[in-house]
Each structure stands twice: as C-alpha cells, then as structure tokens.
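[1] I would like to see how this sequence folds:
(2 chains, ligands or ions: 2)
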Amino acid sequence: MAEVSLNNVVKRYGAVDVVHGINLDIAHNEFVVLVGPSGCGKSTTLRMIAGLEEISDGEIAIGERVVNHLAPRQRNISMVFQNYALYPHMSVRENLGFSLKIAGRPQDEIARAAQDAARILGLEPYLDRTPGELSGGQRQRVAMGRAIVRRPDVFLFDEPLSNLDAKLRTQMRIEIKKLHAQVGTTIVYVTHDQVEAMTLADRIVIMKDGHIVQTGTPLEVFERPVNTFVATFIGSPPMNLIDGVVDAGAVRLSDGSALPLPTRTGPIRDGQRVTYGFRADNLMPEGHGPAETGPVATIELPITLAEPLGAESLILTEIAGVEVQGKMLTPRPTRPGEVLRFQLALDHCHLFDADTGVRLGQ
Amino acid sequence: MSRKQKDILTWLATFIVMLIICLPGLWVVLSAFRPNGEILTKPAVWIPRDLSLDNFRAIFGMGEDVVGIPVASYFRNSVVISVTSTVIAVLIGMSGGYAFARYRFPGKGAAFLWLMLSRCVPGIALSLPLFILWSWTGLIDTQIGVIVVYTAINVPFTVWLTEGFFRQVPRDLSEAAQIDGCTPWQAFWKVEFPLAKSGIASAAIFAFLTSWNEYALASQITRSTDSKTLPVGLMDFTAQFTIDWAGMSAMAVIIINPALILTFLVQKHLIAGLTFGGVKG
Ligand SMILES: Nc1ncnc2c1ncn2[C@@H]1O[C@H](COP(=O)(O)OP(=O)(O)OP(=O)(O)O)[C@@H](O)[C@H]1O
Ligand SMILES: [Mg+2]
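    Ligands and ions are numbered 1, 2, ... in the order given. This is a model prediction of the structure:
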C-alpha cells in the first residue's frame, strides 16, 4: 500500500516561500495530477516527494513511513523527467535494467525485467540502441520503462509529454493511462496542460503561487470551480466571465441588461458585486443545442464570428461589451452581425464574488 | 580555378605548413641516429649516410663512447614527477570542476576568475620567490618540490576543462540515477564520470605533457639526480666549450616518445575533448 500524504509542506528558497504549506492525501493506486500555471510550484512539490529537494517545513509520508529525511533511493519511487534523463552512454537495455543492477539483482532477473518492460512499451526492436538513436516518443517510452522496471510504490511524472508533438502527446497520454490500468500504482503527475490533467486524472490538484486552489475529480473542478482562476484555467475555451451587480433576483450588467441568477445560487443580497460565469457549452442558439431540461434564459445576441470545428461551431458574440463564446451544434452557415436567439442554461451558470473571485453558492 | 587545382593548392599549402612545423622535429630525430660530425657538416647533409644507435648506447653508458649523464635517473624522475602531479591535478580538477559546475556557493565567480587569472602569470616570473621559498622549506631539489609546482601549474587548467564537461552533463541524470537507487557517490561514478570521461582524459593528457616538457622552473629548483627531469638533463650535454648535439638529440627523442605514444593512445578522447562533443540527449 502506498498512500502519499503531504502535511503542511513548505519549500523556502532563502527568504522566499515557493510552496506555502500544502496538504494533500493521495490514495493507494490513485492517479493525481498537479496542474497550474508556470512557476506555481508543481515541480518543486513533486521533487520534494521524490527527495530531490529538501522539505523546508512539514511532513511527507509514503505508505506508513515519513520520508522527510530519506534519500531518493530509499523512498521506492520512480520518476519520469521532462527531458527523459536517459543515460546517454548506456543502451536501452542497460537503461531499463540500471536500477536492478544497482540493487545487485542477478543477471537473468535484470534481463527478464528489461525484456518485460520493453514488451509492454513496444521497445523490443530498440533494446540495443543508445538513447541518442531514438525518436522523442521512443525515448519517452524508455523513460517510462525505466520507471516501471523498479516496481515502485509511487510513480512521479514531471511534464513527461511536453517535449512531444501534439499527435504523439495524445498517443502517449493514452499509453500512460493504459499503463496505470495495467500496473495500478499510485501516480503523481505534473503538467501545466489542463487537457492532460482532465483526461488522465482520478483527481486534479490545481495549484497557483505555491498554494493548492482546488482538489477534486476532473468533473468536480470542471463543474464546480471554487474561484474564477480555476474557472478560466480548467476547460477549453475558458469560462466566460462577466461582471455585474445583484439586483432583484437578477444580475444587472454594465449596459443595463440583466441575466437571471444561476439556479444554484444561495441566498444573496441585492447590491453585491459579482462575476457571472458560464461555459461556451451552455450558451447555444435555439435549435442548435441539446434539448434543455433545466431553466434557461433566452437572450438575443449578434454574432461577431463563427469558428467551424466540424460537428460544432464556436460562436463569438458580446454580452454587455464583454466578448463571450458560445457553441452551435449541427452548425449552419452564419453571417457576422446576424442576431440569434441564444439559450443560457441556468443550471450550469456560476456566480463568483467580483472582488475575491470566490465562488458564491454551492 | 577548377576544383582540382584548388585541391592541389590546398594540399601544397598544408604540406608547406606541416614541413615548417615538422622540420625541426625531423632534424632532431635524424640527428639522434648519426654521429656528431655529420650533424655539424656544412652544407647540411639531409640524406643521412651513416645511421646507427651509437648515440643511444652512449647516453645509456653501453657504447664505446660513454657519456657521463645519468639519463636513467632523469627518466625516472620525469616519470614519477609527471605522473604524480598529473594524477593529483586531475583529482583536484575533477572535484573542483564538479563543484564549480554543480553547486552554488558564495564567491564562486570570483574564485573561478582568480583560478583562471593565475594562468596569466608566466611561471618563470615566480621562479625567484619559488626558489627562496623552496630553500627555506627544504623542498629544493626534491621530487616532491617539483610535483607541488607542477600540480599548481596544472590545477587551474584541469578545473577549467572538467568544469566545462560536467556542466554539459544534465543535472537530471544524476537525479535519475539517485532515484534508480544510487547514492550520490555511485551516481557520480556510474553516470556523470563516464559522460565527462573525454574531458577528464584530455585534461590528464595536457597536464601530463605540461609536466613532462616543463623546463624553466625545473631548471631553477632541481640540482641533482634526486630530482632533475629529462628536459633539465638535456642541458648536461652542453659543456663549457662543446655541445654534444648527437647525444642531446638522442635524449630529445627519448623525451618526445612517451608523450607521442600517450597522445596517440588517447587521441580518440582527446579529439572528443577538444571539440566538446561529449554528451548528447
Ligand atoms: N533553486 C531555486 N531558487 C530560488 N527559487 C526557485 C528555485 N527553484 C525554483 N524556484 C522558484 O520556485 C517557483 C516554483 O518553481 P517550480 O519549478 O516548482 O514551478 P513549476 O510549477 O514546475 O513551473 P513550470 O510549469 O514552469 O515547470 C518558481 O517561481 C521558481 O522561480
Ligand atoms: Mg516544472
């Protein structure tokens, strides 16, 4: 069993805190993705779990053991680095078998383990090449192979796919997911790509400026973002946000028009300044969306631009001077300036405090 | 100009340059195998008529003419001094280079700069203070005395060269190795050292050649067979009125050979080292 728990973990460089007391409990075999903008402390957190970075304060435990003062080799973890960090002077076979060799295992066991890993990852034809003679995707696989050979308690990934092209990235993403299903080990995965986070994670941990902003399943963070940062960070395109003031059960916008309060809004007082949020998927022209089951607000909006994506089009329009994006299913040709009747699904709208960005209501 | 003409010109130019570079060496080698008389003939005799090993026999005291110069002792001193100072300089260079490449510490930039600046001072400018210091400490005319000097000469260079090589080895590799179960020490020897090997080998070669060929300082602080090295010993051939060119040439050949052989043995590393092409993803 290998749970990982972080207890008030702090990382300080000199006088600067880059990770401010993080608390996180990762269950056995859980796939957790740390996601956040560049510089938010994801790698630092991962490297503290790995033991490559000292912990300034707090406690990290893997399984039953507090590992604060254990060297990386004593933690029984594996890590896949962003630039793979394969040993350039060793063949793929030696790279794969390196950890077992260091552990002093017998030759035949090492050979078998390297062979097995190569089979799982489709590396058999390349076993005798050196990393320099492999493509990016193949190197990536070797790096993963090297990690699985050790049968670690925890896998750590630091942006393993960011050096691959888009197509390969999608492919490797699926392979990582398969790998997890196959070997079923606790995984902590760092990325700044929210799509990767959404597709891979059992649970997403969203970080910003060294704090955890929200943890939850991909669906939870998508449907109930705790603040406007998460709302715009998760999901593509980002959530539309419009500022307004609560006024008699509606939100009055800057141009005097009003949007009905989202259905999930709790009690709220008039005059409160709020940010109204909804996703493109929840603003669709009449007849070009799913049959809405919940309450909708119908608004007429002029189209600025339509971006056909095939099965749907992304529609650019404006509400109270703010550019917002909607969607059109089974699209038909449109003209810029054409006014369409849009339906806004109020069950899926959000309200945030305009000053703090914090979510209002459940 | 046609391609062919260009090629010919290039070859010709290369040949002339190489001739200028190699001629003195060639002359020394030729002279090592012929009698003094022929060396001094005017006009110079280019095609040797009378080659023999007499000069070598003479300096090793085996021929009819015995030259009273303890070449064997000089040779032994040279080997001991060069090898020891090289080993020490490489070990220090490796640790220093690694530290400069990997760690941050206060005064790092200044320390590195001073190390490099020390190369700007011609060693001979320090010979007098060195001489005085060595006589006080009793290091004059000892192998250790020379070893210390040569180590000091070589360390800045070995630090500089190995630093460049360790800097090229990504930090991740050592970290990956430690996650794979290595201690930091193991990670160094199994991953970082092999990747910086070419650099360390070239540092070693250059350090060795510097020590092996050094003359100016050694001539000041060595006196006797206890510490005199081959280049200093070469001067034994100059008597007050005569110079035994033949013997000197023979000894020069003896000096040149080990360096030449060594360089050939490690030339693969040397080339990799000089072109800095050690590590690739
Ligand atoms: N050795 C260091 N000294 C001082 N500050 C550091 C050091 N290493 C990292 N930092 C700072 O710590 C913060 C977090 O860095 P970290 O590498 O964890 O970011 P990240 O979330 O992984 O970003 P990215 O997505 O760009 O990889 C950054 O602001 C960085 O500048
Ligand atoms: Mg990072």
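[2] drop to CA atoms for contacts and neighbour counts, all remaining ones
    OK.
[3] Pretty sure residue A:358 sits against residue A:225.
    No: counting by C-alpha atoms under 8 Å, residue A:358 sits too far from residue A:225 to count as a contact (9.0 Å).
[4] Looking at the two, which one has more neighbours?
    Neighbours per residue, other C-alpha atoms under 10 Å in any protein chain shown: of residue A:358 and residue A:225, the larger number sits with residue A:225, 23 against 18.
[5] Mark out where each domain of chain B begins and ends.
    Here the domain parsing of chain B from automatic domain parsing is B:3-51, B:71-275.
[6] next one: phi and psi at residue A:127?
    phi -60, psi -30 (degrees, to the nearest 10).
[7] That one and chain B, how far apart?
    17 Å (C-alpha to the nearest C-alpha, to the nearest Å).
[8] What is the neighbour count of that residue?
    Neighbours around residue A:127, by other C-alpha under 10 Å: 18.
[9] what's near enough to touch it?
    Residue A:127 makes contact with A:91-93, A:118, according to C-alpha atoms under 8 Å, 6 or more residues apart in numbering or on different chains.
[10] With respect to ligand 1, which of those is nearest?
    residue A:92 (26.8 Å; C-alpha to the nearest ligand atom).
[11] Pick out the shakiest of the domains of chain B, pLDDT-wise.
    Of all these, the minimum mean pLDDT falls on domain B:3-51 (a mean of 84).
[12] Can you name the residue of the stretch 1-150 of chain B nearest to chain A?
    residue B:104 (12.9 Å; C-alpha to the nearest C-alpha).
[13] Now that residue, what are its backbone angles?
    The phi/psi pair for residue B:104 (degrees, to the nearest 10) is phi -100, psi 130.
[14] re the thing from before, which among the domains of chain B is found nearest to residue A:212?
    domain B:71-275 (26.0 Å; C-alpha to C-alpha).
[15] tally of neighbours for whichever residue of the stretch 1-150 of chain B sits closest to ligand 1?
    Closest residue of the stretch 1-150 of chain B to ligand 1, C-alpha to the nearest ligand atom: residue B:104 (9.6 Å). Using other C-alpha under 10 Å, residue B:104 is surrounded by 10 other residues.
[16] Same check on residue A:129?
    Neighbours of residue A:129 (other C-alpha under 10 Å): 14.
[17] Make sure I have this right: residue A:252 is in a strand.
    Yes: counting by DSSP: H, G, I helix; E, B strand; the rest coil, one finds residue A:252 located in a strand.
[18] got a list of what it touches?
    So residue A:252 contacts A:244-246, A:258-259 (C-alpha under 8 Å, 6+ apart).
[19] From these, pick the one nearest ligand 1.
    Looking across the contacts of residue A:252 and measuring by C-alpha to the nearest ligand atom, the closest to ligand 1 is residue A:244, at 32.9 Å.
[20] right, and the closest one touches residue A:270 too?
    No: with contacts counted by C-alpha under 8 Å, residue A:244 stays clear of residue A:270, the gap being 11.3 Å.
[21] Which one of these two is surrounded by more residues?
    Higher neighbour count among residue A:244 and residue A:270: residue A:244, with 24 against 13, using other C-alpha under 10 Å.
[22] related to what we said a few turns ago, please narrow the contacts of residue A:252 to those residing in strands.
    Per DSSP state E, strands hold the following members of these: A:244-246, A:258-259.
[23] Now which of these would you call buried?
    A:244-246, A:258-259 (16 or more other C-alpha atoms under 10 Å in any protein chain shown).
[24] Residue B:94: which of these is nearest?
    residue A:244 (65.5 Å).
[25] Quickly list what that closest one is bridged to.
    residue A:253, residue A:274 (DSSP bridges).
[26] so what's it up against?
    Counting by C-alpha under 8 Å, 6+ apart, residue A:244 has contacts A:251-254, A:273-276.
[27] Name the residues of stretch A:117-127 that come out as buried.
    A:117-118, A:121, A:123-124, A:126-127.
[28] is it possible to export these to TSV including distance to residue A:309, pLDDT and secondary structure?
    Below are these laid out as TSV (distance: C-alpha to C-alpha, whole Å; pLDDT from 0 to 100; DSSP: H, G, I helix; E, B strand; the rest coil):
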residue	distance to residue A:309	pLDDT	secondary structure
A:117	39	90	helix
A:118	39	92	helix
A:121	33	86	coil
A:123	36	90	coil
A:124	39	91	helix
A:126	39	93	helix
A:127	42	93	coil
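[29] Relative to ligand 1, which of these is nearest.
    residue A:121 (26.1 Å).
[30] that older thread, can you flag which of the contacts of residue A:127 belong to helices?
    A:92-93, A:118 (DSSP state H).
[31] now the helices: where do they sit in chain B?
    B:3-32, B:36-40, B:54-59, B:71-102, B:108-117, B:127-137, B:143-168, B:171-179, B:184-187, B:193-213, B:216-221, B:230-233, B:245-265, B:267-275.
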